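Q: predicted structure and sequence below. I'll ask about it afterward.
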Amino acid sequence: MHVWTLALLAIALGTDAFSVALAVGTCGVTRRRLFRLAFHFGLFQFLMPLLGWFLGDSVASLVQPAGKYLVAAFLTFIGVRMIRGAFRRETGVGNRVDRTRGWSLVGFSVATSLDALGVGVGLGLLGIGILTPAVVIGLVAGTMTTAGMLLGGRLSQVFGQRAEALGGLVLLVLAFTFLRH
């Protein structure tokens, strides 16, 4: 695979991670949260192409039809919760939720890496080796996640709690984007 093709593929796959990280960053950024999210997004973006490459069409045909609906439902659920939480805090109720832990982290990691599963299947069908692309995809996703979290954290500092509502809105837009594909 040509280096530019691989770079563009990795960036395209990393855009979901960037967008979700931007939204999560509006809830507050600490070193621990930043590391957790970047590490897990990068790890899942690395592992999913490997899984797709090894399991081939059988996995893609099972996940593909329902995958976009599950991802959209998860992003909508979290987005609505973020918007509601931002308005609750404005009235003095509620605390910032750490979305880089537990099931939120797992759900975000899977949601942002499902496309990479399909890429792994495609590369396997084309007979292209998977290790180098998987490593590059994982590293780019981790880097884009870091950038998204830092930008989201900065937006939170500038716009206060309204930035979390904006982050929730970004997740809702992403959910509808998944449904359109």
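A: Received the coordinates, thanks.

Q: list the buried residues of the helix or strand that contains residue 46.
A: Per DSSP states H and E, residue 46 falls inside helix 31-55. Across helix 31-55, burial judged by 16 or more other Cβ atoms under 10 Å covers 33-34, 36-42, 44-53, 55. Using the backbone N, CA and C atoms, a C-beta is placed for each residue, glycine as well.

Q: so what does that helix touch, helix or strand wise?
A: Counting contacts by 3 or more Cβ pairs under 8 Å, 6 or more residues apart in numbering; DSSP states H and E, helix 31-55 is packed against helix 3-25, helix 57-90, helix 102-126, helix 131-159.

Q: right, so of those helices, which gets closest to residue 167?
A: Closest to residue 167 of the helices and strands packed on helix 31-55, according to Cβ to Cβ: helix 3-25, at 3.5 Å.

Q: please state the offset of the closest one from the chain centre?
A: Between the centre of helix 3-25 and the centre of its chain there are 8 Å (Cα atoms, centre = their mean, to the nearest Å).

Q: for it, which helices and strands make contact with it?
A: Checked by 3+ Cβ pairs under 8 Å, 6+ apart, helix 3-25 has helix 31-55, helix 57-90, helix 102-126, helix 131-159, helix 162-180 packed alongside it.

Q: what about 6 Å?
A: Other helices and strands packing on helix 3-25, by 3 or more Cβ pairs under 6 Å, 6 or more residues apart in numbering; DSSP states H and E, are helix 102-126, helix 131-159, helix 162-180.

Q: tell me which residues touch the nearest residue to residue 75 once chain neighbours are set aside, please.
A: Nearest non-adjacent residue to residue 75, counting by Cβ to Cβ, 6 or more residues apart in numbering: residue 175, 3.9 Å away. Applying Cβ atoms under 6 Å, 6 or more residues apart in numbering, we find residue 175 in contact with 72, 75, 76.
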